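Peer 1: sequence unknown, structure follows:
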C-alpha cells in the first residue's frame, strides 16, 4: 500500500533555546513524507513558490517519495516563523506568510487516484474534502486539523470528519473540538463525529489511541535531547500511517504498533532542526526505539 | 512484611466543581494507610487533637491497620482547606491550621521498631530522619516530600535522602529538587542525591519509575469520573509500597507492578470525597483495574 499526503510545504524560520534555523525546509506534507518514507512509497501533493530549493527534497526522492504532485507556482513559498519557550512546550508564531499556499487547490495526479491510504494534513477542511472527491474510495483516511479550522471552519470540518477513519489531534484540539474539558470524555465525543478512531497527541506525555472498544496509552520516548519540536506531530503521523500502510493490517494491535512507530519517528525528528535527523535515520534505529518502548511500558501480570 | 507510615492526620475542608466536604478525614498517613491496607498490615504514627472523630478510622482497624502509634494531644487536629479549579489540575489552599501537628514528634512504638518497610510521608525532613533513627535498619525506605521542604529545608532534606531507597515526587517537585527543567534529566539528577529509585507522579499523565537501569512509564487509569483529587499521591504511595511489602519482592518487575498498583489505588481514591471510595473498595476491583492497565499499555512486537 502506498500513501497519498496533501498538506503544506514551507520554509520555516525557527528559534529554540539551542539555536536557530533560517528558511529551513518544513511543512506538514514534507515532515509526514519524511516519516512515512521509512515504511512505504509516499505521493506528495502540495505547492511551492519559485524560490523553493527543490534539491532540498532529493533525500525524499531517494527514499521513494513521489513528488509529481508538487506544483511550482509563480511567487514565494509559504513561510512560517516561530520561537519556542525555554521548556520547548510553548511556542509563539512570529510571522506567517501564506504566499502561493493561499491559492492552493490540491490536484491529485491521475497516477495516485487509486492510492488506498490518504493522509489529509492540516489544511482547510474544504480542501481536505476536495481531495477525497479526487481519489477512488481509499481503504484508510487519516486526518489532522488545528484550532484555526476548529474555530473558523467548524461546519466544513464536521463535513470532512464524516469521511475520515482516523483523526489525529493534540490534547488542546481534542478538548476544543468536543467542547469538553475532560480529555477522555472529549475524545469519546469526537468518535461520534465520524472518525472511528481518535489519536490524541500529548507531547512529552505520549499519545492515546481511542476507539469504541480500544483504549491504548503510549508514553513519549524519554529523550533528553529535544532540540526543535517543529514537525513532531506530522512526523508522528508519518510513522503512524506509514506502518498501517506498509502492513495493510488494520487490526487493533497494528493500530497500537502504529502509535508506537509514530512516537519513535517524532522522537528522532525533534533531535535536530528541520528534517536533519530524519535524513540520516535508519530502519535499524527505528526498530531499536520501538523495542525500547516495549521495555519501557512492559510489566508482568 | 508490614509497613510503618509516619505522616499527617487531618480534617480537610475541600471544594471541587462537584461539591464540597467539611472536616473530612484526611492527611497523608491516613490516605497512605487506606491504600496500603489492601496489601499488608500497616502501623500508623501520627497525632490528632481531642476534636478528632476516632471512630472515623474504624474502617482502617477492620483492615488490620494498627493505630497504637496514633497520639491524641490536647488541642485541635491539623486542618487543611482548599478549592480545586474546574479541570481539577489546579488547587488553591484557602487555609492551613497546624494545631497539634505543629509540635508533632513522631514516636515509633516499640512493637513497630523492627518493621522492615517504612513510608515517610510528606513531613519535615528532620522528623523523617528522626523516624529512621527509631527503627531497626529497614529493608525498604520510601519517602515523599513537597515544595515547602525542598525550598525551606533543603539541607535537612538532602541528609534524609541519603537514607532513602525510593523517593516519590510529582513532576514539579522533581524539577525543583534537581534545579533542572527537563523532567528526565531532573529525575536522573535526583538519583545522585541518595535514592536508588525515583517515582515521578504526573497526575492525569501517569507516573515514571526511574533508576540507574530502569525506565518504566505507566499511564494514569483513564477514569472519566474524577471527583476529588485530595490524597491521590498518598493513596498512590499506599498501593506502591503496599505491593512491595506484601510480596517482599524488590525486583524490577515488582517495582513496575507496584507503580501500577499505586496508579490503581489513586484512580479509585479520586472518585469520591475523602476516603469514601477506599472504604468499600474490594481486592477484586483492584485486580480488575490492574489487568485493565495491562491491556491499555500492551502491544505485540
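Peer 2: Here it is on my side, so go on. In this text the structure is predicted, and so the values were computed from the model without any measurement. Numbers count the residues shown, from 1 in each chain, chains lettered A, B, ... in the order given.
Peer 1: neighbours around residue A:223, how many?
Peer 2: Neighbour count of residue A:223, defined by other Cβ atoms under 10 Å in any protein chain shown: 16. C-beta coordinates here come from the backbone N, C-alpha and C atoms, glycine included.
Peer 1: That one: what secondary structure?
Peer 2: Under the three-state scheme (DSSP: H, G, I helix; E, B strand; the rest coil), residue A:223 adopts coil.
Peer 1: how far away is it from residue A:262?
Peer 2: Distance, residue A:223 to residue A:262, by Cβ to Cβ, to the nearest Å: 15 Å.
Peer 1: What of residue A:167?
Peer 2: In terms of Cβ to Cβ, residue A:167 sits 14 Å off from residue A:262.
Peer 1: Overlap of the contact sets of these two?
Peer 2: Common neighbours of residue A:167 and residue A:262 (criterion: Cβ atoms under 8 Å, 6 or more residues apart in numbering or on different chains): residue A:199.
Peer 1: Could you tell me whether residue A:87 really is in a strand?
Peer 2: No. Per three-state DSSP, residue A:87 lies outside any strand segment and is coil.
Peer 1: tell me which element the residue nearest the centre of chain A falls in.
Peer 2: Nearest to the mean C-alpha position of chain A, by Cα atoms, centre = their mean, lies residue A:234 at 2.3 Å. In this structure, residue A:234 is located in helix A:232-247 according to DSSP states H and E.
Peer 1: in the helix or strand just after that helix, what's buried?
Peer 2: Next in sequence after helix A:232-247, counting helices and strands by DSSP H and E, comes helix A:252-269. Within helix A:252-269, the residues scored as buried using 16 or more other Cβ atoms under 10 Å in any protein chain shown are A:254-269.
Peer 1: Stretch A:77-88 now?
Peer 2: A:77-82, A:84, A:88.
Peer 1: contact partners of that stretch?
Peer 2: With Cβ under 8 Å, 6+ apart as the criterion, stretch A:77-88 contacts A:8-17, A:23, A:26-27, A:47-49, A:51-52, A:90-101, A:226, A:228-230, B:181.
Peer 1: and if we set it to 6 Å?
Peer 2: A:8, A:10-13, A:15-17, A:48-49, A:51-52, A:91-99, A:101, A:226, A:229, B:181 (Cβ atoms under 6 Å, 6 or more residues apart in numbering or on different chains).
Peer 1: Ends of it, what's the gap?
Peer 2: 26 Å (Cα to Cα, to the nearest Å).
Peer 1: and if you look at stretch A:33-43?
Peer 2: Stretch A:33-43 has an end-to-end distance of 8 Å (criterion: Cα to Cα).
Peer 1: That one - what's its average pLDDT?
Peer 2: For stretch A:33-43, mean pLDDT rounds to 98.
Peer 1: Please apply the same query to stretch A:278-293.
Peer 2: 97.
Peer 1: what does it rub up against?
Peer 2: A:34, A:59, A:221, A:260, A:264, A:268-269.
Peer 1: Quick one: buried ones out of the contacts of stretch A:77-88?
Peer 2: A:8, A:10-13, A:15-16, A:48-49, A:52, A:99, A:101, A:226, A:229.
Peer 1: Farthest-apart pair in those, please.
Peer 2: A:49 and A:226 (30.6 Å; Cβ to Cβ).
Peer 1: re earlier: pick the one among the contacts of stretch A:278-293 closest to residue A:173.
Peer 2: residue A:269 (19.4 Å).
Peer 1: what residues does chain A put near chain B?
Peer 2: A:87, A:181, A:184-185, A:205, A:215, A:217, A:219, A:222, A:224, A:253, A:256-257, A:294, A:296-297, A:299-301 (Cβ under 6 Å from any Cβ of the partner chain).
Peer 1: I would like a PyMOL command selecting only the buried ones among those residues, please.
Peer 2: Selection of buried members from the residues of chain A next to chain B for PyMOL, criterion 16+ other Cβ under 10 Å:
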select buried, chain A and resi 184+205+215+217+219+222+256+257+296+297+299
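Peer 1: re earlier: max pairwise distance over the contacts of stretch A:278-293: which two?
Peer 2: A:59 and A:260 (24.4 Å).
Peer 1: In which helix or strand does the closest residue to residue A:209 other than its chain neighbours reside?
Peer 2: Leaving aside its chain neighbours, residue A:209 sits nearest to residue A:216 (4.0 Å; criterion: Cβ to Cβ, 6 or more residues apart in numbering or on different chains). For residue A:216, the host element (DSSP H and E) is strand A:214-218.
Peer 1: Would you mind pulling up the elements that that strand packs against?
Peer 2: strand A:207-211, helix A:252-269 (3 or more Cβ pairs under 6 Å, 6 or more residues apart in numbering or on different chains; DSSP states H and E).
Peer 1: which residues sit against it?
Peer 2: With Cβ under 6 Å, 6+ apart, strand A:214-218 has contacts from A:206-209, A:252, A:256, A:259-260, A:263, B:219, B:222, B:296.
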